[in-house]
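>>> kindly generate the corresponding structure for this input.
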Amino acid sequence: MGKTKVVEPAPITIEQGEHCPVAHITWVGAPRPALSGHAMLDVMRAAGPIVEIPYVNTKFFMVTQHEMALEVLQNPKLFPQNVHSMETGERVPYTFIPQMLNGPEHAAWRRLLAPYWSPRKIDALHERVQARARMLIEEIAPRGECDYVKDFALRFPTAVFLEMMGLPVDQLDDLLEWETAILHPDEPDPMVARDKAMAAQGAVTQYFAQVIAERRAMAAADRPAGIVTDALDWQIDNRPVTDQELLQFYLLMFMAGLDTVTAELTYGMAHLATNPEDRKELVDHPEIVDKVAEELLRAYPIVNVPREASEDTEIGGCPIKAGQVITVSLPSVGRDENQHEDPLNVDFYRDMNTHITFGAGPHRCLGSHLARHELSVGYSEWHRLIPEYWVDENYVATESTGGMMALDSLPLKWNV
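Alright, predicted model coming up:
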């Protein structure tokens, strides 16, 4: 089986601090060479299970290893999920629901939402998900080339998301432009990137506010089917959900639905495109597609999860003050040598130790069943219709920086 591609790590300097290693890195900035972020985290993980990172006007701490990640993620009382500006250390002035809720309030929302993302519900979507993937690939196949990111990875899971939400698919391009500005700003100045992201988030909020107003003005029988319409009548603790809460929920769904599976697909397909023996194994044995999706999830996690210390504490001998930010780096944790044998080797038949690419504890990804299903369908349908393909040898791939990693483009070619 193929190795993950060996690349130079993104710029990083590590020195020994008073209590733990201190890493100097660029967190948000211009795109960097693809996989250099994972390589940078490999260096950081080798330095220690927790690393202090000075950044702009503040600092945060990054957990890099599996066992310590579980300690943080499974202790929501000591490490609640609160999102901060990485540039200032201040809490952001919004609350994504349910991601940024904690305790009983978070649990109540999870109970409300769980049926929409249950295995049974997702299995019932199979034909629609498969048809969407097949339609996109059949349009692409006669061309003999494409940018996999723009032509498939961005459009497949986002179209499925829009259908589930009951939103018009013809607005996809506008939504993708906002999503890129929020999660993957192509801006070297972190403060400018933050301002652009906030402006795009404001545009999305205005869009959803208009959707809510329009749906409420419709007769119930005329409202489009989907989660957006269902949510108008939701109740939490025997009270109606407010429009403000709906906006905060829609914003989270917008970013989670339009980015996470897309990003995973980009890394998975980049691996398969550059490791012909792995690609052939999937083509010759399509029944292993679920194993393929799972191993690629382990090898190429994408999300760095934010937490906040609720009180003064210590992690791995490193003092953490109340209110300080701890980021659990799942892209590092999935490649932890203490958890996975030869972790940089992609092995579809690996005797899998539990990976936590979808997180752990009460905030574990609610959409993991849908994500796994979309990944398996995406890989399966692509290799059924386009089994042989490659990346232009002169192309230099780049990835986005920040809390979520993703390839910016992936030009593929094949014989027609």
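>>> residue 327 and residue 55, how far apart?
Distance, residue 327 to residue 55, by Cβ to Cβ, to the nearest Å: 10 Å. C-beta coordinates here come from the backbone N, C-alpha and C atoms, glycine included.
>>> same deal with residue 335?
Residue 335 is 23 Å from residue 55, by Cβ to Cβ.
>>> which one's more surrounded, those two?
Taking other Cβ atoms under 10 Å, residue 335 and residue 55 do not tie; residue 335 has more neighbours (26 against 20).
>>> next, the buried residues of the one helix or strand residue 292 maps to.
If you go by DSSP states H and E, residue 292 is part of helix 289-299. The neighbour-count check on helix 289-299 (16 or more other Cβ atoms under 10 Å) flags 289, 291, 292, 293, 294, 295, 296, 297, 298, 299 as buried.
>>> quick one: mean pLDDT over that helix.
Average pLDDT, helix 289-299: 97.
>>> swap in stretch 398-415?
89.
>>> list the buried residues for the top helix by length along the chain?
Ordering each helix of the chain by length in residues (DSSP state H) puts helix 243-274 first. By 16+ other Cβ under 10 Å, the buried positions in helix 243-274 come out as 245-273.
>>> how about stretch 296-315?
Neighbour-count burial for stretch 296-315 [16+ other Cβ under 10 Å]: 296-310, 313, 315.
>>> in helices only, show me the residues you listed.
Using DSSP H, the buried residues of stretch 296-315 in helices are 296, 297, 298, 299.
>>> tell me the spacing between the residue nearest to residue 355 when sequence neighbours are not counted and residue 360.
In this structure, residue 355 finds its nearest non-sequential neighbour in residue 298, 4.2 Å apart by Cβ to Cβ, 6 or more residues apart in numbering. Look at residue 298 and residue 360: by Cβ to Cβ, they are 14 Å apart.
>>> then residue 264?
18 Å.
>>> just want the angle from the longest helix of the chain to helix 289-299.
100 degrees (axes from the mean of the first three to the mean of the last three Cα atoms, to 10 degrees).
>>> can you name every helix or strand that the next helix or strand after helix 243-274 contacts?
Using DSSP H and E, the helix or strand that follows helix 243-274 in sequence is helix 276-284. If you count contacts as 3 or more Cβ pairs under 8 Å, 6 or more residues apart in numbering; DSSP states H and E, helix 276-284 packs onto helix 243-274, helix 368-385.
>>> now what about helix 276-284, what contacts it?
Here helix 276-284 makes contact (Cβ atoms under 8 Å, 6 or more residues apart in numbering) with 1-2, 271-273, 288-289, 292, 346, 348, 379, 383, 387-388.
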